[in-house]
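> Could you work out the structure for the sequence below:
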Amino acid sequence: MITAIDLIEQLAPDFGGSCARITDSSSLLDLPIQLVDGRVLHYRLLLQQNGERLSAREEAPIQLPAFCPERHINYDGTFCLYFPAASQLTVTDSTSAVVWLETLYKYLKLQERARVQRKWPNADAWAHGGAANHQLRALKAASALNTNIASAVAGNQVHLTRRRSNDRSILEIWIHGVHVYSVWENHKRVINQTKRCFCETSGLRRPKRLRRCIDHAKQASELALAMRDWEDEEKRYWDSMHGLTCCGSCDSCPLPRES
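Below is the predicted model:
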């Protein structure tokens, strides 16, 4: 039976690489990464197979930090290539093996940009730890409202603020710095539902109001709650990193620098 490791070994030469088997479930992948400026970075990666899934990390931390949440390198050095709830990235045949190698190749190219820019170079990344689950919730809710809101969530242009009014908690959604709507947090309800719905569809005579437009009031509330939970879970993630130090490669990392 052909395994995920077998498939990567077969297709690695198409990416300029080569594999050397260590055990039945592990291999060393030598992979050259061609950069836009003509330079080539040579990676020596340890691949580990678990069923149809593969993990990858540098055999020794030479090109990359041993651990860096901001650059999506896990505590054990493995690369955070995907979020299982959104994409399995399993390797079951030649097509999926190519997708896995393409994902790895793109990830390593982004790592060089991250090194130069001292931050992750695009918004196409999942949040840390369990926060990714709430990021996915936010993306689904936003997609149900309209493409502009979905794009804003994907581009990290949706922000949440919290305030209280008459001792009631309110969640406010801001997009591109503009306040769009508010939600009663405890009641999980958009405060003003007489406004025009975000989908901008119309009835027979006039634009549909939020409260009368299928489930869009519920989705708007869900977006605010998901943003809240995303923010809270992200904080819990960084709190769980207490005692660890920053590798110093990203300017915005919340971890303390080594003294």
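
> Now do the helices in the stretch 1-150 of the chain.
Along the stretch 1-150 of the chain, the stretches classed as helices by DSSP state H, counting those that start in this stretch are 4-11, 94-117, 131-145, 147-154.

> which residues of the protein score low on pLDDT?
Along the chain, segments meeting pLDDT under 70 span 202-206, 259.

> related to what we said a few turns ago, looking at the helices of the stretch 1-150 of the chain, which is nearest to A85?
Nearest of the helices of the stretch 1-150 of the chain to A85, taken as C-beta to C-beta: helix 131-145 at 5.8 Å. The way it works is simple: take the backbone N, C-alpha and C, and place the C-beta from them, glycine included.

> Could you list every helix and strand in contact with that closest one?
In terms of contacts (3 or more C-beta pairs under 8 Å, 6 or more residues apart in numbering; DSSP states H and E), helix 131-145 is packed against helix 147-154, helix 216-240.

> Between the ones you listed, which one is closest to H72.
Comparing the helices and strands packed on helix 131-145 by C-beta to C-beta, helix 216-240 comes nearest, at 12.8 Å.

> Report the angle between that closest one and helix 131-145.
Here helix 216-240 runs at an angle of 160 degrees relative to helix 131-145 (axes from the mean of the first three to the mean of the last three C-alpha atoms, to 10 degrees).

> neighbouring contacts of the top strand by length along the chain?
What stands out as the longest strand in the chain, according to DSSP state E, is strand 40-50. Residues outside strand 40-50 that contact it (C-beta atoms under 8 Å, 6 or more residues apart in numbering): 3-5, 8, 19, 22, 25-35, 54-60, 62-63, 104, 108, 112.

> Go again with 7 Å.
Counting by C-beta atoms under 7 Å, 6 or more residues apart in numbering, strand 40-50 makes contact with 3-5, 8, 25-35, 54-59, 63, 108, 112, all of which sit outside it.
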